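K.L.:
I'll drop the sequence and a predicted model, then ask my questions.
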There are 2 protein chains.
Amino acid sequence: MSGRRLRIGEAAALAGVSVRTLRYYEELGLLAPSAHSPGGARRYAEEDLARLARIRELKDLLGFNLDEVRIVLAAEDRLGSLRAAYHAEADQAAQEAIVLEALEINTRLQAAVEAKLGHLTAFQARLRDKAVRYRAVLTELRALGGTPASGVEDLAGNR
Amino acid sequence: MSGRRLRIGEAAALAGVSVRTLRYYEELGLLAPSAHSPGGARRYAEEDLARLARIRELKDLLGFNLDEVRIVLAAEDRLGSLRAAYHAEADQAAQEAIVLEALEINTRLQAAVEAKLGHLTAFQARLRDKAVRYRAVLTELRALGGTPASGVEDLAGNR
DNA sequence: TATGATGTTTACGTAAGCGTAAGGTTTGGC
DNA sequence: GCCAAACCTTACGCTTACGTAAACATCATA
């Protein structure tokens, strides 16, 4: 179904990160390649790239550091292992706890995203406002083109 | 206008940063207190705190590093000095250039914000989707168990 | 099978963004 | 005027997130 496995250089280029970054993430326990060549070279599958994308998302988009990223991913991983052992009759209370934990983290993430969205849209509004004022100043400046220093005073009142 | 000037400790506490951070930003040429005590202690005015807020916004919200922040602030500063020297008949072409520069940076900022907003909303959608699936798993788990383990039953239904 | 590109581990280096300690000065309430 | 709290400068330290180099192994193509 899914395509071939990528060498570390290919994976890095595709994801827009460095080879060193991939090895570093593995060292931190964030991202391990799902396979290795017989000689021991890392082979990355698509799911690995997806995980990498999630890492970069949490880091770059939400500003999480790699330790915080790990916490989030760890919960998702526990959920994944639950899903794998779903039919193996494990302790149901434990399974519930895992799903609840995932839900909790999901909720916290949603809150974080929501907060960021709020701040960003507010920032955006202020930017637009400023742009309008800048353009007004510009046209006024240009209108003044032939008329030097005639006491026109409303740049200051522009705030 | 509230004239009270703040000592560095007060300013830092109010802004939620460390004293060291304020001094560091000054060292980088990002934020200088608008006054000093006779003995040489920094005194921060409200405008200084506003500037600090802008710095943190660009850094934390957009992920800019302090050097990028400085570029943005420098343009705003030039615009401010233009405003101050508006009546001093300076070279009009130069004034236009300054406003144009501010507009350009504003545009780039808007683009950055827009991009982030797009990514964030996409991320948000995926989070919501996941939450729905998690709750489905949870109800299924509980249905399989027959008896609700702990008092709370309707986590799936709320929200 | 040769061989150059790409990979491996190990380990030291680096830039940003502060933290923290030392040693001295200023501030401001009693 | 006294004195603790807060400030000053200088300077070295620390963490994060990698970069870079060395010395060697493996991969894949001719």
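P.N.:
Now that the structure is in, tell me what you want to look at.

K.L.:
ok, which residues in chain A are in contact with DNA strand C?
P.N.:
For chain A, the residues in contact with DNA strand C (C-beta under 7 Å from any atom of the strand) are A:7-10, A:19, A:23, A:40-42. Where you see a C-beta, it was placed from the backbone N, CA and C, and this is true even at glycine.

K.L.:
one more time with 10 Å
P.N.:
Counting by C-beta under 10 Å from any atom of the strand, the residues of chain A close to DNA strand C are A:6-13, A:19-20, A:22-24, A:26-27, A:33, A:36-37, A:39-44.

K.L.:
show the backbone phi and psi for A:H36.
P.N.:
phi -130, psi 150 (degrees, to the nearest 10).

K.L.:
hmm, I was thinking of A:N65
P.N.:
Backbone torsions of A:N65, given as degrees, to the nearest 10, read phi -90, psi 170.

K.L.:
burial of it, as a residue count?
P.N.:
Per other C-beta atoms under 10 Å in any protein chain shown, the neighbour tally for A:N65 reads 9.

K.L.:
quick one: residues contacting the nearest residue to it once chain neighbours are set aside.
P.N.:
Excluding its sequence neighbours, the residue lying closest to A:N65 (C-beta to C-beta, 6 or more residues apart in numbering or on different chains) is A:K59, at 7.3 Å. Counting by C-beta atoms under 8 Å, 6 or more residues apart in numbering or on different chains, A:K59 touches A:65-66, A:69.

K.L.:
need the residues you listed in JSON lines with pLDDT and distance to A:T121, can you?
P.N.:
What follows is these, written out as JSON lines (pLDDT from 0 to 100; distance: C-beta to C-beta, whole Å):
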{"residue": "A:N65", "pLDDT": "98", "distance to A:T121": "25"}
{"residue": "A:L66", "pLDDT": "98", "distance to A:T121": "28"}
{"residue": "A:V69", "pLDDT": "98", "distance to A:T121": "25"}
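
K.L.:
what's the closest of the residues you listed to A:A53?
P.N.:
A:V69 (12.0 Å; C-beta to C-beta).

K.L.:
and the strands in chain A?
P.N.:
A:35-36, A:42-43 (DSSP state E).

K.L.:
number of nearby residues for the residue in chain A that DNA strand D sits nearest to?
P.N.:
When scored by C-beta to the nearest atom of the strand, chain A has A:G39 as its residue closest to DNA strand D, at 2.3 Å. Neighbour count for A:G39, taken as other C-beta under 10 Å: 5.
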